[in-house]
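Colleague: Structure for this input, please:
(one chain, ligands or ions: 1)
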Amino acid sequence: MTFQGKKVVVTGAAGFIGSNLTDSLLELGAEVVGIDNLFNGRTENLDEARKNKNFQFHKGDVRDLSFLLDMFEETDFVYHEAAFASVPQSVKMPENCHDVNVNGIMNVLNAARRMDVKKVIFASSSSVYGEIPDLKKNEEMRRVPISPYGAAKLACEAYMYVFYHVYGLKTTSLRYFNVYGPRQRDDSPYTGVIAIWFNRARNNQNLIVFGDGEQSRDFTYVKDVIQANLLAGEKDVPGEIINIGAGNPISLNDLGRLILKLTDREHLKLEYTDPRPGDIKHSFADLTKAQEMLNFQPKYTQEEGLREYFKWYIEKNNIDLEIH
Ligand code: UD1
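Modeller: Numbers count the residues shown, from 1 in each chain. This next block holds a predicted model:
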């Protein structure tokens, strides 16, 4: 029982991935300290967690070292999910992206080292691969980020490795591929395409496609990402960087048609506009390393994940819509 009675700090705990991870860790018997600056995170994401006596929440920022030192006292695991998470927003505000992501991880790692945290697991991103032309991405490939966001995540991975190599802090980076699912923000232009398109479809609006829609993504259901995080906590894989995806990419054109089918909105259209700066063309996870090192196997196909997510959304918001 890796997490039973262990103290786990989750940064970004009120966010989409952080809150789902918090709930799973609590179910496994961990004592979870959730921290979040509530910039993107929402307190309602922690409604479930707050019912558990093993959960505490502290509002604070990962750019504040003394706050982290305080939080990391006697900590077994740190899951670093707090981030500036949008590619197009990073193109608009590169300094902010750098500040939150790179200065943030420097503090997290320094605090973890000084407080003798046993393991740090970090939410990296497939955006580090950037313009590598190969369809399927494996961890040995070159990384050529093409957005400030991708560059920042690559710098974070480098610091994760260096803190293992130089100081012996056990760090593992998980490269997430387009995560979606319950609690992803639905009210921001900077959120993921699935949340944006589902909202448009249910409101009877055409779906806006940036570019020709032939770009592809390996959309990964959040429950699979949580499974990977728990496995990374259980296994001893320090210094490693591991892809976490669905292993099943889909073009944006096909995704749009699938969302219109599931929501019974096939009369709506895909409307094409200019490509988005910083956008990579194809993103498809080679999961060999995740299988070998973590025994990770995604459980959700895209259609299953989308159905579960849309049903959750409809029930939560009391919407009159049937998923087909
Ligand atoms: C996403 C994540 C990022 C993560 C990365 C890799 C979000 C907000 N971003 O970036 O944190 O590190 O995956 O896991 O979840 N698109 C449209 N129409 C729209 C919106 C988007 O055509 O209305 C297109 C985009 O141009 C892009 C694709 O959809 O080609 C995916 O975009 P998006 O959901 O923003 O994700 P990524 O930029 O891939």
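
Colleague: where does the stretch 1-150 of the chain come near the ligand, residue by residue?
Modeller: Contacts of the stretch 1-150 of the chain with the ligand, taken as C-beta under 6 Å from any ligand atom, map to 85-87, 125-127. C-beta coordinates here come from the backbone N, C-alpha and C atoms, glycine included.

Colleague: Can you flag which of these belong to helices?
Modeller: Val87 (DSSP state H).

Colleague: ok, now which ones touch Asn45?
Modeller: Taking C-beta atoms under 8 Å, 6 or more residues apart in numbering, we find Asn45 in contact with 14-16, 19, 183.

Colleague: Revised request: answer the last question for Ala82.
Modeller: Counted by C-beta under 8 Å, 6+ apart, Ala82 has contacts 11-12, 15, 18, 35-37, 62, 100, 104.

Colleague: Quick check on these: which are buried?
Modeller: Buried members of the contacts of Ala82, counted by 16 or more other C-beta atoms under 10 Å: 11-12, 15, 18, 35-37, 62, 100, 104.

Colleague: Just give me the closest of the residues you listed to the ligand.
Modeller: Using C-beta to the nearest ligand atom, Gly15 comes nearest to the ligand of the buried ones among the contacts of Ala82, at 10.9 Å.

Colleague: ok, the closest one - contacts?
Modeller: Gly15 sits in contact with 36, 40-42, 45, 81-82, 85, 183, where contact means C-beta under 8 Å, 6+ apart.

Colleague: how about a cut-off of 6 Å?
Modeller: Taking C-beta atoms under 6 Å, 6 or more residues apart in numbering, we find Gly15 in contact with 40-41.

Colleague: The one 3 residues further on now?
Modeller: Counting by C-beta under 6 Å, 6+ apart, Gly18 touches 10, 12, 81.

Colleague: Turn those into TSV, columns for secondary structure and pLDDT.
Modeller: What follows is the contacts of Gly18, written out as TSV (DSSP: H, G, I helix; E, B strand; the rest coil; pLDDT from 0 to 100):
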residue	secondary structure	pLDDT
Val10	strand	99
Gly12	coil	98
Glu81	coil	98
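
Colleague: would you list the contacts of Ala82 in TSV and tack on distance to Ser173?
Modeller: Formatted as TSV, the contacts of Ala82 follow (distance: C-beta to C-beta, whole Å):
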residue	distance to Ser173
Thr11	14
Gly12	15
Gly15	18
Gly18	16
Ile35	20
Asp36	21
Asn37	22
Val62	16
Val100	17
Gly104	14
